[in-house]
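Trainee: The following comprises the amino acid sequence and a computationally predicted model.
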Amino acid sequence: MALNGDDEDYEWEPPTEAEMKVIQARRERQDKISRVMGDYLLKGYKMLGDCCDACGTILLQDRQQKNYCVSCQEMDSDIDKDNPALNAQAALSQVRERQLAAQTPEVNDGPSSSSSSTQASGSVPQPRPEHCEGAAAGGRTPLPPPAVPPPSAPVPATPLPSARPPAPPQSSVFSPVLQDAEEAVLTKLRWATAQLQSSASLEASIQLCSLISSCANSLRSLKELSQ
Amino acid sequence: MPPSERLPLEQVLEIVSALEAVVLRSFGPEGGQVLFTRDTGQAMLSRSGTCILSALHLEHPLARVVVESVWKHSRGTGDGSKTFILLLASLLRGISKATSRGPSASHAYGFTEAAKAAAAPYFANKLLELVSSDLDDLIAVNVVPYGFCVSLEDFTTHSGRLLLASFFHTRVSHVHCSYLSELTCEMLNRWKYKSDLPYISFQFLSDNFPALHTPVSGFPVSSSRLIEGQVIHRDFATPCLPSKQQPVKVVVFTDYMQPILLSTGDVLKLGYGGGVTPESSIVHFSAWTERSLESVIAELQSLGVSLLLSAVKQSDAAVALATQAHMSLVECVSEEELSLFVQLSGVTPVSRGCTIQLEHVAALSFCRPILLGGHRYVQVAFCESPKSSKVNPCSLVICGPGEGQTDQYICAIRDAVCMLMTTWEPKHTSETTASRGTLQSDKGTASLDMTPTFQSTANKPYGLKKCVFEPGCVIPAGGTFEFLLSRALPNPSSDTNGLPSVSQLLANALLSVPRQIYSHSPKLFLQAQTRIMSLVQNPSNPFSLGLKESTPGPMVDLGLESVTCKYQLILAVVQCATSVLRVDTVLHTRTALHTQSKKHTIFSRASTEDEAED
């Protein structure tokens, strides 16, 4: 069957384990969508001839003539579960990773805190930006340090300070560390606010808002610590 | 809305998977029932895949195509609508997996996009070739030897009841299975033609089933019974009832006894030839029609007729004159009941303009009103005659606690008869639909007016049907057929392009059926598989599947299913998959192009009317 060029055929390799996991996850998600859609059909919803613009799933229509997309409105998205701002699990796993990484460098001074955290994050798997597929694989297998800058240009190195653990790990000297931490967080907060005001992209604004909320959370926890 | 769009395989799979999810929970002997309710309070209870799918609101054209295929298949064989969807979904899943060989995002595709789009129809076409050419031989060699043939004499004993019981297990609750199968067996027994093929009696029953059953709600199922003769679902229009003395003479009218004066749109020209004269007025005309009516009644009286069956509503004058002459009249008898009556009694109906002669008069042994549920009907019983001595006509009264349950039992029995008809279809090697014997040669009647109802109305799927197995061939149920066939399908090493072979696709799809049957306990699936594989490898095993009916093996306790029905199911599924995958583009139109298809259930008829109103 001469359906394709020969050279493309020779380049094909069987999928790696990570990719198999992605395929498996996607298949399970599709099965779940079908099951939910079947339930809605039995409830009396109408299956329309159109697809959802965002995700391509078949649209359903309820008795009140309102269109309903199963995967957009009900299912967790494929990649949202890796965004620490939206999912507690992802945030928790990221906190643990940071703690693990910050144990290795013994010095945890204030001025070098940001640089050490940069170094620490360099060897720690980072969650990839939301719209990059394969984030599921990225969450499970260790990635090389992000040599490619995140595609969202207005928010460089966004996850770094926002995902900082609220409590500095195993440091006996609290106060100067806490102050430096507060200062750094406030700086970032100010910078994020400035960026948010000038931001034109929806994705970037969402990320900036999440950064601001995590900065606020960090500040609150730092204040609790200092009391 | 774009004017046209391509139909990707993923969307097809999504639609079929959604339909699969709908019927999955009702699948198998352990499946559950679906209760549909309307805003009017009407309820429908069903485990039949066709009923469930027809009741859904589906606007997507592909979903409608699939449901239409299911309906056609079910109409032809009576069974296997849920298995249809299950097989179709697993087949499409297998094809989808075979065509998408790499993760989509970052790697080079195993196929180009165009090649990927063409791969699915390629698989489907190859599959169609495989099943059209090799499937019947594969089944005949590898599957049929593990089953056995049930002859009609043994039908009413163990095997036939088992076949019916396993069918009813998938349709009604297990409490009522045995009772309904007993009832159906008894009815089939009474309608058996002893010297003919069982197929003809099954076909007759299937074609005339609407006229041969009466639903009665409000009674328990165990009140269902068989009653002698035929029940005409109308009450007497005249107050007098036929005399009790035998035989009761009856004449059937298909048209008005009194010529109608004028109906809407008619133009009556009086005295046309010689101009309008004082004699040719409307009064003379109506007097003439009354005189003709009186002469008809007088002739009927002279022939001793005491019962008149009419297909139309007779005029008041006719009813009054019939009452005066002590004749009973039943009006507005449905076409199916009238044709059945004509077949069983051997009478010729009186049509417009013909004089009444002896051939139009039939004799009945009795005719009396019968009260069934909240309605009073007319029960007629036919005289014993040499021609009809082989058959003992009876009618089925099916009771149920509510209307929904009664409909469920009626559908189940009707489909059971259809399934038996498919199983006992005589062996033919031609590809056209088999020429089916009718009753006329036996009955010696010449009721040509009703011939359309004599022919079979079953819709053969796609006309590619071959009856290649012995009539009555059955095999133990519980996935035996699927295990044996999947093992028998050839498993060549993948061809040079690295594509999986289509026979492997089919084999994997077939295994999804027993997997679903045993979904509540995967251990049972493995046990069943090993048991059948070991039987295949050791044919001399004492616990082999019952090869003779007299010594049924332990597997027969699982129930029986028909090999022909399974074969036709696989054919229909592959044809549907091919037609679905061959769709390149969906064109959106503003007006509906399709006409409403005729369907059994009330729900689907009403729902299509609703959609037409939108």
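Mentor: The structure has been received and is ready for your questions.

Trainee: Now do the helices in the stretch 251-400 of chain B.
Mentor: Applying DSSP state H, counting those that start in this stretch to the stretch 251-400 of chain B gives helices spanning B:282-303, B:316-324, B:335-345.

Trainee: what's the answer for chain A, then?
Mentor: Remark: helices assigned in chain A by DSSP state H are A:6-11, A:17-42, A:70-73, A:88-103, A:113-122, A:135-140, A:159-162, A:175-198, A:202-226.

Trainee: can you list the domains in the chain?
Mentor: No chain was given, so I picked chain A. Using the TED database, the domain parsing of chain A gives A:15-79, A:177-226.

Trainee: if you could check chain B rather than the one you did, that'd help
Mentor: B:4-149+B:436-604, B:173-229+B:393-423, B:233-261+B:277-383 (automatic domain parsing).

Trainee: Where is the longest strand in the chain?
Mentor: No chain was given, so I picked chain A. When chain A is scanned for its longest strand (criterion: DSSP state E), the result is strand A:46-51.

Trainee: try again with chain B
Mentor: Longest strand in chain B, counting by DSSP E: strand B:361-372.

Trainee: ok, B:Ile200 to A:Asp62 distance?
Mentor: 50 Å (CB to CB, to the nearest Å). Where you see a C-beta, it was placed from the backbone N, CA and C, and this is true even at glycine.

Trainee: What's the per-residue pLDDT of A:Trp12 here?
Mentor: pLDDT recorded at A:Trp12 is 61.

Trainee: In terms of neighbours, single out the busier of B:Ile200 and A:Asp62.
Mentor: The neighbour comparison of B:Ile200 against A:Asp62 (other CB atoms under 10 Å in any protein chain shown) goes to B:Ile200, with 20 against 13.

Trainee: Distance check, that one against chain A.
Mentor: The gap separating B:Ile200 from chain A is 40 Å, by CB to the nearest CB, to the nearest Å.

Trainee: Without its sequence neighbours, what residue ends up closest to whichever residue of chain A sits closest to chain B?
Mentor: Distance from chain B to each residue of chain A (CB to the nearest CB) is smallest for A:Gly38, at 2.7 Å. Nearest residue to A:Gly38, sequence neighbours excluded (CB to CB, 6 or more residues apart in numbering or on different chains): B:Ala21, at 2.7 Å.

Trainee: about what we covered before: would you format the helices of the stretch 251-400 of chain B as a markdown table with mean neighbour count, mean pLDDT and distance to A:Cys52 included?
Mentor: Output for those, formatted as a markdown table (neighbours: other CB atoms under 10 Å in any protein chain shown; pLDDT from 0 to 100; distance: least, CB to CB, whole Å):
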| stretch | mean neighbour count | mean pLDDT | distance to A:Cys52 |
| --- | --- | --- | --- |
| helix B:282-303 | 14 | 86 | 68 |
| helix B:316-324 | 17 | 91 | 63 |
| helix B:335-345 | 22 | 92 | 47 |
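
Trainee: now for the ones you listed, which one comes closest to B:Phe525?
Mentor: Closest to B:Phe525 of these is helix B:335-345 (CB to CB; 44.8 Å).

Trainee: Please export the C-alpha coordinates of the closest one as PDB.
Mentor: The C-alpha coordinates for helix B:335-345 follow below in PDB (Å, rounded to 0.1, in the frame of the first residue of the first chain):
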ATOM      1  CA  GLU B 335     -56.200  -4.600   7.600                       C
ATOM      2  CA  GLU B 336     -53.800  -7.100   9.300                       C
ATOM      3  CA  GLU B 337     -56.600  -8.700  11.300                       C
ATOM      4  CA  LEU B 338     -58.800  -8.900   8.300                       C
ATOM      5  CA  SER B 339     -56.100 -10.500   6.200                       C
ATOM      6  CA  LEU B 340     -55.400 -13.000   8.900                       C
ATOM      7  CA  PHE B 341     -59.100 -13.800   9.100                       C
ATOM      8  CA  VAL B 342     -59.300 -14.300   5.400                       C
ATOM      9  CA  GLN B 343     -56.300 -16.600   5.400                       C
ATOM     10  CA  LEU B 344     -57.600 -18.700   8.300                       C
ATOM     11  CA  SER B 345     -61.200 -18.900   7.200                       C
END
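
Trainee: got the angle for that helix vs strand B:361-372?
Mentor: Helix B:335-345 runs at 130 degrees relative to strand B:361-372, counting by axes from the mean of the first three to the mean of the last three CA atoms, to 10 degrees.

Trainee: which helices and strands does helix B:335-345 pack with?
Mentor: Packed against helix B:335-345 by the contact rule (3 or more CB pairs under 8 Å, 6 or more residues apart in numbering or on different chains; DSSP states H and E) you find helix B:209-212, strand B:230-232, strand B:248-253, strand B:361-372, strand B:375-382, helix B:451-454.

Trainee: so how far is that helix from its chain's centroid?
Mentor: Its chain's average C-alpha position is 19 Å from that of helix B:335-345, according to CA atoms, centre = their mean, to the nearest Å.
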